[in-house]
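Engineer: Sequence and predicted structure are below.
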Amino acid sequence: LIELCKTTASKYTRSKVRKALPADYAYVIEELITEKAEVLDKEAYYDSIVDTIIDIGRAENFIIALAELIQRLVVDHLHVLGDIYDRGPGPHFIMDRLMDYHSLDIQWGNHDVVWMGAAVGQAACMATVIRNSIRYGNLDILEDGYGINLLPLATFALNTYSDDPCTCFKLKGSNELNQYEVEVNLKMHKAISIIQFKAEGQLIKAHPEYHMEHRNLLHRIDYEHGTITLDMPDEKGNLTPHTYTLLDNNFPTIDPKDPYAYTPIEADIMDRLIKAFLNCEKLQQHVKFLLAKGSLYKIYNGNLLYHGCIPLNPD
């Protein structure tokens, strides 16, 4: 490890290496990786230092410190190309680690952007974040990681869909939920999905300049017959209406006359959730860090860094 440390440190100035040294072992490591012309028996000198570390019971800590120093010297600057969130059960732990990292930049992924939107209380983003967490069995992120109270949503889902198996809202990924937890999550998944469709519908209606009307589908459902009519392209690319039978037609919270309106209970749940997201100190710290260190793209050493894809239109 000492030899590896010497090699990785050789590309930096002594001043920069000194700043990277772990405080507890800075002097010892500097002695071990610095060639000393005045020392005649170098091997015996270095061996005595290592023997002392072992004798005082600090060998394991010293090995860890050396390994972390090598990591830091090998990766002088870290590029994070997005989707810290929604890619596993511990994004809050990753964010804590990144906040302590010595040098990095972040290009926001679409999932990071959605979490940033949720953190400022944007309803559609918030519903999407919750739905993704439920769908992949990662509610611990919200409940334990950020202290977001999801009990009102769970209670609402259990009451609203008590006799509904919600099989169309099956979970994904590998999780260790028991049968009851799976059933609760399925009902919560359906409840928040309907809320998300409504939140998005309200947003799209308020901003026609987004040109996303085609994403609103609740008004296209025939709730009496359990069908939906969609405009689908034919062989020539012309849109023609096609009617399909829905796999799920149990929508007790949707008013066919005003399908994008919240019920009073849904409105109350969203109001509580907005306050919870806005008042979560840990989430706000993480999002401020994403804003401070992040961007949509970055040009570094002549390389374009970005997340996902760039649309290449004819113009």
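Structural biologist: Received the coordinates, thanks. Residues are numbered from 1 along each chain as shown.
Engineer: Which parts of the stretch 101-250 of the chain are strands?
Structural biologist: For the stretch 101-250 of the chain, the strands defined by DSSP state E, counting those that start in this stretch occupy 104-107, 221-222, 227-233, 239-245.
Engineer: now for the shortest one, which elements pack on it?
Structural biologist: With contacts defined as 3 or more CB pairs under 8 Å, 6 or more residues apart in numbering; DSSP states H and E, the packing partners of strand 221-222 are strand 227-233. Quick note: C-beta positions are derived from backbone N, CA and C, even for glycine.
Engineer: for the strands of the stretch 101-250 of the chain, which one sits closest to A157?
Structural biologist: Closest to A157 of these, according to CB to CB: strand 221-222, at 20.4 Å.
Engineer: In the sheet, which strands lie alongside the closest one, parallel or antiparallel?
Structural biologist: Here strand 221-222 is paired, per DSSP bridges, with strand 227-233 (antiparallel).
Engineer: returning to what we had before: now the strands of the stretch 101-250 of the chain in JSON lines, with distance to C166?
Structural biologist: As requested, the strands of the stretch 101-250 of the chain are arranged in JSON lines below (distance: least, CB to CB, whole Å):
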{"stretch": "strand 104-107", "distance to C166": "36"}
{"stretch": "strand 221-222", "distance to C166": "17"}
{"stretch": "strand 227-233", "distance to C166": "18"}
{"stretch": "strand 239-245", "distance to C166": "18"}
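Engineer: Where does the prediction get shaky in the stretch 1-150 of the chain?
Structural biologist: Counting by pLDDT under 70, the stretch 1-150 of the chain shows low-confidence ranges at 37-40.
Engineer: 90 instead?
Structural biologist: By pLDDT under 90, the low-scoring segments of the stretch 1-150 of the chain are 31-47, 88.
Engineer: residue ranges of the helices in it, please?
Structural biologist: Along the stretch 1-150 of the chain, counting by DSSP state H, counting those that start in this stretch, helices occupy 2-9, 14-20, 26-33, 42-55, 59-74, 91-99, 110-119, 123-135, 139-140.
Engineer: Identify all contacting residues around the third one.
Structural biologist: What that stands for is helix 26-33. Helix 26-33 is contacted by residues 2, 5-6, 9, 17-18, 21-22, 46, 49-50, 53, 62, 65-66, 69 when judged by CB atoms under 8 Å, 6 or more residues apart in numbering.
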